[in-house]
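S.K.: Quick one: sequence and predicted model below, then my questions.
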Number of protein chains: 4
Amino acid sequence: MADEREVAVGRAREGDEQARALLERARDPSRVLALSDGVFAIIITLLVLDVHVPELTAGHSLAAALRETRPSFVAFVISFIVAGMYWVGHRDVFGLIRRTDRGLVWLNLLYLLPVCLLPFGASLIGRFDREPVAVRIYGLVLVAIAVMRAAIWVYVTSRPHLLWQRLDDRQRRVGLALTLGPGLAYLLALLLAEIAPGVSLAIYGTLPVLYFLSITVLRSGRKRDQEYADFT
Amino acid sequence: MADEREVAVGRAREGDEQARALLERARDPSRVLALSDGVFAIIITLLVLDVHVPELTAGHSLAAALRETRPSFVAFVISFIVAGMYWVGHRDVFGLIRRTDRGLVWLNLLYLLPVCLLPFGASLIGRFDREPVAVRIYGLVLVAIAVMRAAIWVYVTSRPHLLWQRLDDRQRRVGLALTLGPGLAYLLALLLAEIAPGVSLAIYGTLPVLYFLSITVLRSGRKRDQEYADFT
Amino acid sequence: MADEREVAVGRAREGDEQARALLERARDPSRVLALSDGVFAIIITLLVLDVHVPELTAGHSLAAALRETRPSFVAFVISFIVAGMYWVGHRDVFGLIRRTDRGLVWLNLLYLLPVCLLPFGASLIGRFDREPVAVRIYGLVLVAIAVMRAAIWVYVTSRPHLLWQRLDDRQRRVGLALTLGPGLAYLLALLLAEIAPGVSLAIYGTLPVLYFLSITVLRSGRKRDQEYADFT
Amino acid sequence: MADEREVAVGRAREGDEQARALLERARDPSRVLALSDGVFAIIITLLVLDVHVPELTAGHSLAAALRETRPSFVAFVISFIVAGMYWVGHRDVFGLIRRTDRGLVWLNLLYLLPVCLLPFGASLIGRFDREPVAVRIYGLVLVAIAVMRAAIWVYVTSRPHLLWQRLDDRQRRVGLALTLGPGLAYLLALLLAEIAPGVSLAIYGTLPVLYFLSITVLRSGRKRDQEYADFT
């Protein structure tokens, strides 16, 4: 009798373990990362497609023709650096994440959506850097990305079972500030596009530099063991 | 003598084990997933290629020129969301799958084939949303995808050695219904395209919403431990 | 003294082990597979890029315009199936391979080179199926692929340390025949292109069917445990 | 009391271990490799996109039309081989690397930037092989790649905690020479482009051959266990 009961308990536990193993596999983030890396690889290289070898027409030197490809070259470099920056940020957050659930899978997809529009935005301001419409559209893309990054941050940090290690409130706030801060700056740039497109462009250009500086300062500071709290 | 026999048995077993190890490696699904993720990453981002920065002609404002890129933008967003949905579904089924065989490898390729045509279909209805031909072609693509998903589901659930854990009949039927249901709805939309393209479009638009709602309801329901049976 | 000697031997062994570990890492095939899967994902989907939504000109129905995209659609389907077939074959051989060396890395790259030309070849015969030049070029691509597959097969099977398990001579010959056989058929098709392009096309179309049939027969045959010897 | 102290020490150690585990995960190079392989797969196949099936105009044979696609075919083959060579080199260095840090992540991105321009450069000299501008631009791309490779080499070899095994000074110097050597040759070619574009082209063409020869000689030499020091 006792044996049977034990066997039953054993079976129930085995069932539990199997169910848990299935759930763990369903929560494995590896394919989310594979898709994201694939999308980033495409986005990062997308604008090289626009850097075309010019067709020469009569009375036109190659040097002059190549000068015309400069805007697409500039757009490629901007897009490469900015998308690379977001990829590094994506790698940083997902370094904290142990499990994914359906919500996170979809938030990640909705984050990749505006990221895919980065090359278009970069190409737009690479060609029409004085046009308020172009400046506004690029700003919109950057704001959408910042909003989605903040959404992912809030989502995962309020679900500690998705993380390798629970973050304390200070770390969560710092992480949120690091995503929303640039978002607010981009929103300002977006609103200023009509009146002062030059200021907007300055904001777009300065922020990545500020980001590199702040990261460097934060890392060389004393808070070495809190490094993992850096979202960006 | 006895020793020799034991050695012979040992060798045979070793041979068996080597053969089994080889078979296991041949059945490892990792490369199938790598190819699928690569294809999905391309499909998801494919229509961004069509969102081009307009060339300005004289007497044409940038704002007006950008308005003309709206259909390709709409097509990109539709295609991104729909392909993303199918990728999530693909991840869900393959979360149940432990081993692949030649049949599954090919079913998966034949599933990716109509998936690749999603961007074309989305682009078609993004531009010609009143044209029955466009509505019918998009429906055809969606029906083909549903058929292939059902084929994969039936194939793997009737071969328990391919799964991490055998599914019971109820789970198999629920999974089949969840793939064939949308398929039938899309077939109806396809048949209605000539008479009432508006109704077809409504079906295309409503189904993903219904899918999200049903998933949410199913997940918050009591049947927590049967979550793994959700095919979509 | 004895101790010192032992420590010295221990160190030497440690050094040996480190060197062996480094060598093992250098021979890890994972990145070779990652690059190959990426290239195949691109090649498989490449011709979808050519299936464009037509621009409508006055007095031209959408149905008629779509009929003009048929050749690019046919080319996409041919290219998808053929490239998919080669991907399955690539997965099969590399399922036998445990380690790579510089030679194999380069043979694999030189195999991917003609594979990349498959979409071009498919597109060519999709459009100019009566033109001997088109038929010949497609044949050239297929012969080049067959030659590279045979080269990889000979290279790895004559270096058993690269394999999970040494193959016997019969298995090696069967594998070579399975790669060179189609190659010879394609060579014949190539040579017949000028005189009888129809026969060449028939060979291109029949061989994949024969391949599927032979695989099915081989697998359902008695030689179950020799399944791993199938190259294709 | 003693127990409490022990528990406290235990906790601190546990905290240390968790922090170390987080740091290890943050330093895991797998996503860096996934992105790089994705980018290389795209770059390697990029110029196939340019090998288009020609549209036939009246009085124009297919054979003649195909002859016009030869420059894009040549550009594809050059770009494939050269990018493949850099991918093999990338795989070799990262075979020595155990951990990444933010610096290495960014150096790798900045290395991928000029690599992305390889197809453009190859396409340029494939079409305008007599034009000094084309020859100079291709040289610039190759010099930029060599500089970034040297930067990665110096960065990782001076941070042994990033490596699987510390390299000695001789190995570091050999590795540096193997990256800077070709860089200097390319710089020379770049400077000669105006006066003698033919010499520059000869340098571009000879170096890969020299590289293959030197690798083969180095490998067949006695220094077998120092093989891992080969950067290229």
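M.R.: Received the coordinates, thanks.

S.K.: Helix, strand, or coil at the closest residue to residue A:154 other than its chain neighbours?
M.R.: In space, and not counting its chain neighbours, residue A:154 is closest to residue A:176: 6.8 Å by C-beta to C-beta, 6 or more residues apart in numbering or on different chains. C-beta: built from backbone N, CA, C; applies to glycine. Three-state call for residue A:176 (DSSP: H, G, I helix; E, B strand; the rest coil): helix.

S.K.: separation between residue A:176 and residue A:150?
M.R.: 6 Å (C-beta to C-beta, to the nearest Å).

S.K.: C-alpha coordinates for stretch A:77-87, PDB please?
M.R.: What follows is stretch A:77-87 as a C-alpha-only set of coordinates in PDB (Å, rounded to 0.1, in the frame of the first residue of the first chain):
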ATOM      1  CA  VAL A  77      27.400  54.800 -42.100                       C
ATOM      2  CA  ILE A  78      24.800  56.600 -39.900                       C
ATOM      3  CA  SER A  79      22.400  53.600 -40.100                       C
ATOM      4  CA  PHE A  80      25.200  51.100 -39.400                       C
ATOM      5  CA  ILE A  81      26.400  52.900 -36.300                       C
ATOM      6  CA  VAL A  82      22.900  53.700 -34.900                       C
ATOM      7  CA  ALA A  83      21.600  50.100 -35.500                       C
ATOM      8  CA  GLY A  84      24.800  48.700 -34.100                       C
ATOM      9  CA  MET A  85      24.200  50.800 -30.900                       C
ATOM     10  CA  TYR A  86      20.700  49.300 -30.600                       C
ATOM     11  CA  TRP A  87      22.000  45.800 -31.200                       C
END
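
S.K.: neighbouring contacts of that stretch?
M.R.: Residues outside stretch A:77-87 that contact it (C-beta atoms under 8 Å, 6 or more residues apart in numbering or on different chains) are A:37, A:40, A:43-47, A:115, A:118-119, A:122-123, A:125-126, A:145, A:208, A:211, D:35, D:106, D:109, D:113, D:116.

S.K.: Looking at these, which are in helices?
M.R.: Judged by DSSP state H, the subset of those located in helices is A:37, A:40, A:43-46, A:115, A:118-119, A:122-123, A:125-126, A:145, A:208, A:211, D:35, D:106, D:109, D:113, D:116.

S.K.: Residue A:42 and residue B:48: what is the separation?
M.R.: Residue A:42 sits 8 Å away from residue B:48, taking C-beta to C-beta as the criterion.

S.K.: tell me the phi and psi of residue A:97?
M.R.: Per-residue torsions, residue A:97: phi -100, psi 130 (degrees, to the nearest 10).

S.K.: Can you tell me the centre-most residue of chain A?
M.R.: residue A:86 (3.7 Å; C-alpha atoms, centre = their mean).

S.K.: all helices of chain A, in order?
M.R.: A:2-26, A:30-46, A:62-67, A:70-96, A:102-116, A:118-127, A:132-157, A:169-192, A:197-220.

S.K.: Residue of chain A nearest chain D, please.
M.R.: Using C-beta to the nearest C-beta, the single residue of chain A nearest to chain D is residue A:41, 2.9 Å away.

S.K.: Spatially nearest residue to that residue, not counting backbone neighbours?
M.R.: residue D:38 (2.9 Å).

S.K.: Have a look at residue A:176 and residue A:150 and say which one is more surrounded.
M.R.: Just comparing residue A:176 and residue A:150: by other C-beta atoms under 10 Å in any protein chain shown the higher neighbour count belongs to residue A:150, 19 against 16.

S.K.: ok, now which ones touch that one?
M.R.: When contacts are counted by C-beta under 8 Å, 6+ apart, residue A:150 touches A:176, A:179, A:180, A:183.

S.K.: Residue A:104 too?
M.R.: Contacts were defined as C-beta under 8 Å, 6+ apart; by that measure residue A:104 touches A:32, A:97, A:152, A:155, A:156, A:162.

S.K.: Repeat that for residue A:76.
M.R.: The contact partners of residue A:76, taken as C-beta under 8 Å, 6+ apart, are A:47, A:48, A:50, A:51, A:122, D:116.

S.K.: rewinding a little: most neighbours out of the contacts of residue A:150, which is it?
M.R.: Ranked by the number of neighbours (other C-beta under 10 Å), the contacts of residue A:150 place residue A:179 first, at 22 neighbours.

S.K.: separation between that residue and residue A:149?
M.R.: 4 Å.

S.K.: Enumerate the residues of chain A near chain D.
M.R.: Applying C-beta under 8 Å from any C-beta of the partner chain, one finds that chain A approaches chain D through A:33-34, A:37-38, A:40-42, A:44-45, A:48-49, A:51-53, A:62-63, A:66, A:76-77, A:80, A:84, A:87-88, A:91-92, A:94-96, A:164-165, A:215, A:219, A:225, A:227-228.

S.K.: residues in chain A within reach of chain C, list them.
M.R.: For chain A, the residues found near chain C under the criterion C-beta under 8 Å from any C-beta are A:38, A:41.

S.K.: Next, the contact list for the closest residue to residue A:187 other than its chain neighbours, please.
M.R.: With C-beta to C-beta, 6+ apart as the measure, residue A:143 is the residue that lies nearest to residue A:187, at 5.3 Å, once sequence neighbours are left out. By C-beta under 8 Å, 6+ apart, the contact set of residue A:143 is A:183, A:186, A:187, A:190.

S.K.: thinking again about what came up before, scan the contacts of residue A:104 and report the most crowded one.
M.R.: Highest neighbour count within the contacts of residue A:104: residue A:156, with 26 neighbours (other C-beta under 10 Å).

S.K.: Would you confirm that that residue contacts residue A:163?
M.R.: Yes. In this structure, residue A:156 is within contact of residue A:163 by C-beta atoms under 8 Å, at 6.3 Å.

S.K.: From residue D:75, how far out is residue A:56?
M.R.: With distances taken as C-beta to C-beta, residue A:56 is found 16 Å from residue D:75.

S.K.: Dihedrals phi and psi, the closest residue to residue A:164 other than its chain neighbours?
M.R.: If you skip the residues right next to it in sequence, residue A:164 has residue A:98 as its closest partner in space, 4.6 Å away by C-beta to C-beta, 6+ apart. Note on residue A:98: backbone dihedrals following degrees, to the nearest 10 are phi -100, psi -40.

S.K.: Same check on the one 3 residues further on?
M.R.: Dihedral angles of residue A:101 (phi, psi; degrees, to the nearest 10) stand at phi -130, psi 180.

S.K.: Kindly report the same for residue A:99.
M.R.: Summarising the backbone geometry of residue A:99 under the convention degrees, to the nearest 10, its torsions are phi -130, psi 150.

S.K.: pLDDT score for the residue nearest to it when sequence neighbours are not counted?
M.R.: Nearest in space to residue A:99, with sequence neighbours left out and distances taken as C-beta to C-beta, 6+ apart, is residue A:27 at 3.8 Å. Reading off the per-residue confidence, residue A:27 sits at a pLDDT of 88.

S.K.: same check, this time on residue A:68
M.R.: Taken from the predicted model, the pLDDT recorded for residue A:68 is 82.

S.K.: State the number of residues packed around it.
M.R.: For residue A:68, the neighbour count with other C-beta under 10 Å is 11.

S.K.: Now do the contacts for it.
M.R.: Counting by C-beta under 8 Å, 6+ apart, residue A:68 touches residue A:54.

S.K.: Likewise for residue A:136?
M.R.: Residue A:136 makes contact with A:190, A:193, A:194, according to C-beta under 8 Å, 6+ apart.
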